[in-house]
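*Asks:* here is a sequence with its predicted model. Questions after.
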Amino acid sequence: MKSTVVGSFPVEVKEPSSAKDKLLNAFGAYDPFKEAIKSSVISQLDAGVDIISDGQVRGDMVSIFTQYIPGMKIVDGNTEIVSKIRNPTQEISVKDLQFAKKVMKDYFKGSIPEGKGVKGIITGPNTIVHSSRIAGFYKNKEDAIIDLAHSLKFEVDAIAKKVEPAYIQIDEPFLSTGMVDMKTAREAIGILHDGLEVPLAMHVCGILKDAFKDISKFDVDILDFEFAGNNVNLDVLKENYNLVSDKKIGFGCLDSSVNTVDDIGDVDNLVTEAIEIVGKDNLLLDPDCGLRRAPKDVAFEKLRLMNEIKDKYS
């Protein structure tokens with residue numbers, strides 16, 4: 001059994017303090033987010049997380065990608081689709097992931113242990129389009145989703161080639177809402193997975209009752225769901241596990257909707273039930289969703305608690 005995070009971590013953006021950083025800042029070359037990435041990575045590793053993220057420190061899950069995709073425009077903090085969606089103008093998360101991996105190597109004194117690593121995280125085309133307003137060009141969301149999948153494929157392939165991650169995760173929270181055309185959604189995820197040589201995961205939060213059977217058909221290697229804040233999902237998994245027995249399960253066992261540390265007994269009981277359904281070798285423990293909104297000390301203690309339970313069953 002391994003542990004991971006869904007993505008985001010509390011952000012600490014600091015002003016430059018060293019002479020070098022102050023000089024870089026004077027020339028507009030100081031990156032205030034690098035220290036935030038480093039802090040996030042070290043916190044995850046100190047807590048015992050096996051597969052870390054870069055902390056997703058640079059912005060919300062939609063605009064962090066759409067600001068670099070022609071055809072999409074950010075207006076008053078919201079994304080609008082204004083023309084045909086084309087390929088990104090640059091690699092979006094590669095440098096941050098490479099830096100996170102360097103921090104991880106330094107943490108382990110030069111060599112990342114087997115079974116540990118960093119993962120790339122991309123907000124999925126279905127969720128981005130359904131979170132955006134179509135202001136021009138497209139007559140329906142489905143055509144925009146497919147074009148955006150082809151655009152995001154460049155980022156997926158760049159992460160796979162230049163970062164060599166443990167796996168890549170696509171965040172698609174909208175798939176549980178009933179608002180998404182599942183046929184189009186599967187096609188879009190298939191575009192992202194095509195030819196990929198590292199495992200592909202898909203994170204879907206929300207209640208799964210009406211969407212699970214459709215989601216089980218997606219071409220991914222790992223399905224990641226929330227179970228702590230939506231424990232009804234445990235029954236859904238139990239009743240339908242045969243549909244996903246060929247995949248690993250990312251098991252949300254920490255309630256990310258509350259900014260307090262979870263009860264260790266409740267988390268332990270939840271993990272025990274998951275092991276009975278899935279088997280510990282098919283489980284990746286993680287929080288229900290990102291931890292950005294929690295105080296940093298609370299986020300750390302949540303992850304530490306989760307890994308204490310992981311170690312108990314390892």
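*Replies:* It's in. Numbering: from 1, shown residues only.
*Asks:* burial measure for Gly190, as a count.
*Replies:* Gly190: 14 surrounding residues under other Cβ atoms under 10 Å. Glycine gets a C-beta too; all of them are placed from N, C-alpha and C.
*Asks:* what's the helix or strand for it?
*Replies:* helix 182-193 (DSSP states H and E).
*Asks:* and that helix, how far from the chain's centre?
*Replies:* Once both centres are worked out by Cα atoms, centre = their mean, to the nearest Å, helix 182-193 turns out to sit 17 Å from its chain's centre.
*Asks:* repeat for stretch 257-268
*Replies:* 21 Å.
*Asks:* re earlier: and the helix holding Gly190, what's its mean pLDDT?
*Replies:* Averaging pLDDT along helix 182-193 yields 98.
*Asks:* and that helix, what's buried?
*Replies:* The neighbour-count check on helix 182-193 (16 or more other Cβ atoms under 10 Å) flags 182, 184-189, 191-193 as buried.
*Asks:* which strands and helices sit next to it?
*Replies:* Contacts defined by 3 or more Cβ pairs under 8 Å, 6 or more residues apart in numbering; DSSP states H and E place helix 182-193 against helix 125-130, helix 141-162, strand 200-203.
*Asks:* got the CA coordinates for it in PDB?
*Replies:* Extracted C-alpha coordinates of helix 182-193, given in PDB (Å, rounded to 0.1, in the frame of the first residue of the first chain):
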ATOM      1  CA  MET A 182     -19.900  10.600 -20.600                       C
ATOM      2  CA  LYS A 183     -19.200   9.400 -24.100                       C
ATOM      3  CA  THR A 184     -17.400  12.600 -24.900                       C
ATOM      4  CA  ALA A 185     -15.700  12.500 -21.500                       C
ATOM      5  CA  ARG A 186     -14.400   9.000 -22.200                       C
ATOM      6  CA  GLU A 187     -13.100  10.000 -25.600                       C
ATOM      7  CA  ALA A 188     -11.300  13.000 -24.100                       C
ATOM      8  CA  ILE A 189      -9.600  10.900 -21.500                       C
ATOM      9  CA  GLY A 190      -8.700   8.300 -24.200                       C
ATOM     10  CA  ILE A 191      -6.900  11.100 -26.100                       C
ATOM     11  CA  LEU A 192      -4.800  11.900 -23.000                       C
ATOM     12  CA  HIS A 193      -4.000   8.300 -22.400                       C
END
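*Asks:* good, we can wrap up now.
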